[in-house]
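Engineer: Here is the input, now give the coordinates:
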Amino acid sequence: MVAFSGGPDSTALLLGLARLTAAGGPLDGLRVVAAHLDHGLDPGSRLRARAAGEIARGLGVETVVERRPVGRLLDRGESVETAGRRVRYAFLEEVRLAEDARWIATAHHRDDQAETVLLRLLFGSGLEGLGAMRPVRGPLVRPLLTLGRSTLVAAVAAAGITPVDDPTNRDLSLARNRVRRRLLPALARDLPAGDGSDHLAERLVRLAEAAAGVRDRLDRRFDELLEPERPADDEAANGTAPGVAVRTRALADLPRPLLPHALASLHRRAGAPYPATAAAAAELARQLAPEVVQDRNEAGERGRIGCDCGGGWRWEASADRLELRPPAARSAGSAPRDFSYTLTVPGTIDIPELGLSLRVRREPVAPWMFRGSRRRAALALPVEPGARLVVRRRRPGDRMQPLGAPGTRKLKDLLIDRRIPRERRDQLPLLCLGDRIAWVPGVTVDEAFRVPPEAEQTWVAEVMP
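Structural biologist: Purely as a prediction, here's the structure:
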């Protein structure tokens, strides 16, 4: 799946993949999908989304286009730039899961990497940040990191394609645009004669590669010293990153200057998007200090170690181990409070007990609806706009007729058969029409709401962070 803006960079990436996967090409048989998100940040965004879809379809690539107005989705204190990135990557992951794609390919290139290194320097990043963007991280791949922007622009021009022009790339209120349009050219002017922005970009990229190499060596050494493992109840992470656990004594025995680097390494292993904050690293170091441990032991508080480390992630003590837990994870037996919400369709309802939202809207019938998806489902609900559905936690005695089954079953038995861990069963938001369960996210749709093949439009329910 290609993260496709329609600009010259992502158009070059899609063009290359379309050629490689064409009949008889070296990657013949590999399926490519383009995913375009309209951020709704300016009046021309709808036209750009339409143009991006036309470019992708002109290359023979299946395309998913969706609009999510970022301005309405800001978290408290969040910048538009940060919110846009958060919403964009959430959208890409949802499309990846819906389309059963293994990879999300982005068009980040050498000049983007150079800009990232400068931004990290400006914001005071240490070794972790100087490593900048990695070619592969989880399902995210960046195959163009060795190529410059000018190479990609030339490739698109040679193919006779007019890419989408996004005016937000010229908005100097955004830090990256200021680095690209002001700082990099100013630094390049001070280079020796004959050198220019390309040479400066190469130097910054080499710095990132050197920092990443040191970081990788540290990761291997910390693996040897700390022997990290997954927490015992890693499935409580609700299908997201599993977290990580280490022996408390092993972490406490590290020299203090190494602790922030060790924590950053453990955060990467756990799947956290960022290392622990400086304040969190300092607080954990304080709690692991020998004199604090001794005072705590004398007071009979052996397990009382832990701190929040940003983004909802938290270090918690469990017996003689410290566990890094993702936002959705909960200790065994700490199920969320009972909840029940009324959802007027089309619309979205927040479920604060789970840190999720559930959205229901009308959409044209598409092929993915008959293949299934973990985070969204098509439902032939016999309701009109303005109708009310219920979103609730499971209850004793719940029953439903799973898709394709001849009759109803107890929901508890169904969840056991589908190997849903005990800790996750109370974290599933059930979408109900009256007393009937219509959808259990990640499990099944009720047979009564199966979408017929001849349908043109249907209701789509979607779970989002």
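Engineer: Give me the residue ranges of the stretch 151-300 of the chain where confidence is low.
Structural biologist: In the predicted model, the stretch 151-300 of the chain carries pLDDT under 70 at residues 193-197, 232-242, 293-300.
Engineer: all strands in it, in order from the N-terminus.
Structural biologist: Ranges of strands in the stretch 151-300 of the chain, per DSSP state E, counting those that start in this stretch, are 244-247.
Engineer: Tell me where it has helices.
Structural biologist: 175-178, 184-189, 197-226, 248-252, 259-270, 278-288, 290-298 (DSSP state H, counting those that start in this stretch).
Engineer: Need the ones you listed in a markdown table (columns: mean neighbour count and distance to Gly60).
Structural biologist: The way it works is simple: take the backbone N, C-alpha and C, and place the C-beta from them, glycine included. Shown next, in a markdown table, are the helices of the stretch 151-300 of the chain (neighbours: other C-beta atoms under 10 Å; distance: least, C-beta to C-beta, whole Å):
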| stretch | mean neighbour count | distance to Gly60 |
| --- | --- | --- |
| helix 175-178 | 16 | 32 |
| helix 184-189 | 14 | 36 |
| helix 197-226 | 16 | 33 |
| helix 248-252 | 18 | 52 |
| helix 259-270 | 22 | 37 |
| helix 278-288 | 17 | 48 |
| helix 290-298 | 11 | 63 |
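Engineer: Nearest to Ile420, out of the ones you listed?
Structural biologist: helix 259-270 (22.0 Å; C-beta to C-beta).
Engineer: Show me what the closest one packs onto, helices and strands only.
Structural biologist: Contact here means 3 or more C-beta pairs under 8 Å, 6 or more residues apart in numbering; DSSP states H and E; on that basis helix 259-270 packs against helix 127-130, helix 197-226, strand 244-247, helix 278-288, strand 321-325.
Engineer: List the strands paired with the helix or strand that comes right after the last one, with their directions.
Structural biologist: Spelled out, it's strand 321-325. Sequence order places strand 340-344 as the next helix or strand after strand 321-325, per DSSP states H and E. Sheet pairing for strand 340-344, assigned by DSSP bridges, gives strand 388-392 (antiparallel).
Engineer: export the partner strand as PDB, just CAs?
Structural biologist: What follows is strand 388-392, C-alpha atoms only, in PDB (Å, rounded to 0.1, in the frame of the first residue of the first chain):
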ATOM      1  CA  ARG A 388     -30.100   5.100  16.800                       C
ATOM      2  CA  LEU A 389     -27.800   2.200  17.500                       C
ATOM      3  CA  VAL A 390     -26.200   1.100  20.800                       C
ATOM      4  CA  VAL A 391     -22.500   0.700  21.500                       C
ATOM      5  CA  ARG A 392     -21.900  -1.300  24.700                       C
END
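Engineer: if we can go back for a sec, nearest approach to Cys432 belongs to which of the helices of the stretch 151-300 of the chain?
Structural biologist: helix 259-270 (34.4 Å).
Engineer: what comes into contact with that closest one?
Structural biologist: 126-128, 215, 218-219, 222-223, 225-226, 228, 241-244, 246, 251, 254, 274-276, 278, 280-281, 284-285, 288, 309, 313, 324, 326 (C-beta atoms under 8 Å, 6 or more residues apart in numbering).
Engineer: thinking Phe370 is in contact with Arg450, fair?
Structural biologist: No: using C-beta atoms under 8 Å, Phe370 is not in contact with Arg450; the gap is 9.6 Å.
Engineer: Give me the more crowded residue out of these two.
Structural biologist: A side-by-side neighbour count of Phe370 and Arg450, using other C-beta atoms under 10 Å, places Arg450 first with 16 against 11.
Engineer: so what's that one up against?
Structural biologist: With contact taken as C-beta under 8 Å, 6+ apart, Arg450 is in contact with Ala380, Leu403.
Engineer: could you measure it against Leu403, distance?
Structural biologist: With distances taken as C-beta to C-beta, to the nearest Å, Arg450 is found 6 Å from Leu403.
Engineer: Could you do Arg86 as well?
Structural biologist: 32 Å.
Engineer: how about CSV for the helices and strands packed on helix 259-270, with distance to Gly58 added?
Structural biologist: Output for the helices and strands packed on helix 259-270, formatted as CSV (distance: least, C-beta to C-beta, whole Å):
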stretch, distance to Gly58
helix 127-130, 39
helix 197-226, 31
strand 244-247, 45
helix 278-288, 49
strand 321-325, 46
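Engineer: so which of those gets nearest Thr63?
Structural biologist: The nearest among these, by C-beta to C-beta, is helix 197-226 at 31.2 Å.
Engineer: name the helices or strands packed onto the closest one?
Structural biologist: Helix 197-226 sits against helix 110-122, helix 127-130, helix 184-189, helix 248-252, helix 259-270, with contacts defined as 3+ C-beta pairs under 8 Å, 6+ apart.
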